[in-house]
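Trainee: The following block contains a protein sequence and its predicted model.
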Amino acid sequence: MTRFAANLTMLFTELPMLERFAAARRAGFTGVEVLFPYDLATRELSRAARAEGLAFVLLNTPPPNWAGGPRGFAAIPGGEDRFRRDFTRALRFAQELGAMHLHIMAGRAEGDAARRIFVDNLSWAAAQAPQLSLLIEPLNPVDMPGYFLNDFELAAGILDEVGAPNLGLQFDAYHAQHITGDALACWDRHGARARHIQIAGFPGRNEPQGGDIDYPAFFRRLKASGYDGWVSAEYNPATTTETGLEWLNTPA
Ligand SMILES: O=C(O)[C@@H](O)C(=O)CO
Ligand SMILES: [Mg+2]
């Protein structure tokens, strides 16, 4: 059976962060992710997750400023020191939270030098944290202009080049649809590399139903391909979170 996590950065924002855990559990989620938990105490966050019996599935490496700042440093030539400092801090958070995955953000860059630095930084990070699952996620260039990792083929080549067993793909079906025009075909091509999935409707990035991505068919593909990881709801609720959860109760 598919395991669904709630992205608490985007869902249940009607409530303060620490109250979102109970709301997620009541709604039927069994895991949570928080993109950038860095202004909160890990003790409070893990207590909230434990109290509700929720797995802490994922966090991101920290950008300096969630409200509009650059998204990471892993592919920025000259940003190696900054990346390593950020990664060390993110690793401490991941360990204290008992998180399963850490998404490493590439930042805004382009070209061969950026690719080389990204590969070097990812290889370094994978060796620092062999027990933790590290992920990279292609993001579409409209929502995230200038972001280095904007393509699934690029991500596949980088994963192959690093070749670390603890580094995999974060497959966000919304970005896949945006980038390739066909999230299901993209899954068929790249799903074998996926360790974590995020979902949202397209084009609005609202609830995962009724848009251009055929989610019932997508969930059937996941099942057929033997995917056994988490599927995280990472979308902007069209109205309130709770009134838009019908999709979660449709058997996958
Ligand atoms: O899809 C997204 O936008 C996120 O998963 C993310 O990590 C960007 O910060
Ligand atoms: Mg995503």
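Mentor: Happy to help now that I have it. Ligands and ions are numbered 1, 2, ... in the order given.
Trainee: can you give me the strands for the stretch 101-250 of the chain?
Mentor: Assigned by DSSP state E, counting those that start in this stretch, the stretch 101-250 of the chain shows strands spanning 101-103, 133-136, 167-172, 194-199, 230-233.
Trainee: would you put the C-alpha positions of stretch 232-247 in CSV?
Mentor: What follows is stretch 232-247 as a C-alpha-only set of coordinates in CSV (Å, rounded to 0.1, in the frame of the first residue of the first chain):
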residue,chain,number,x,y,z
SER,A,232,4.6,13.2,-0.4
ALA,A,233,1.7,15.7,-1.0
GLU,A,234,3.6,18.9,-1.9
TYR,A,235,0.9,21.3,-3.2
ASN,A,236,-0.9,24.5,-2.5
PRO,A,237,-4.4,23.6,-1.3
ALA,A,238,-7.0,25.3,-3.6
THR,A,239,-9.0,26.3,-0.5
THR,A,240,-8.3,24.8,2.9
THR,A,241,-6.1,21.7,3.3
GLU,A,242,-8.8,19.6,4.9
THR,A,243,-11.5,20.3,2.3
GLY,A,244,-9.2,19.2,-0.5
LEU,A,245,-8.2,15.8,0.8
GLU,A,246,-10.6,13.6,-1.1
TRP,A,247,-7.7,12.4,-3.3
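Trainee: Rounded mean pLDDT for it, please.
Mentor: Here stretch 232-247 scores 97 as its mean pLDDT.
Trainee: Report the buried residues of it.
Mentor: Using 16 or more other CB atoms under 10 Å as the test for burial, stretch 232-247 gives 232, 233, 234, 235, 237, 241, 244, 245, 247. Bear in mind the C-beta positions are built from the backbone N, C-alpha and C, glycine included.
Trainee: buried stuff in stretch 28-45?
Mentor: Of the residues in stretch 28-45, 29, 30, 31, 32, 33, 34, 35, 36, 37, 38, 42, 45 count as buried by neighbour count, 16+ other CB under 10 Å.
Trainee: what two of those are the furthest from one another?
Mentor: 30 and 38 (24.5 Å; CB to CB).
Trainee: before we move on, the earlier item: from the buried residues of stretch 232-247, which is closest to ligand 2?
Mentor: Proximity to ligand 2 was ranked across these by CB to the ion; first place goes to residue 234, at 5.0 Å.
Trainee: Let me see the contact set for that closest one.
Mentor: Listed by CB atoms under 8 Å, 6 or more residues apart in numbering, the contact partners of residue 234 are 7, 9, 10, 33, 172, 174, 198, 199, 200.
Trainee: Rebuild these as TSV, extending it with pLDDT.
Mentor: Supplementary listing: those in TSV, determined by pLDDT from 0 to 100:
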residue	pLDDT
7	98
9	96
10	97
33	98
172	99
174	98
198	98
199	98
200	98
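Trainee: Now do the end-to-end distance for stretch 4-19.
Mentor: This stretch, stretch 4-19, spans 18 Å end to end (CA to CA, to the nearest Å).
Trainee: In terms of distance to residue 210, which of the buried residues of stretch 232-247 ranks first?
Mentor: residue 247 (8.8 Å).
Trainee: Appreciated, that's everything.
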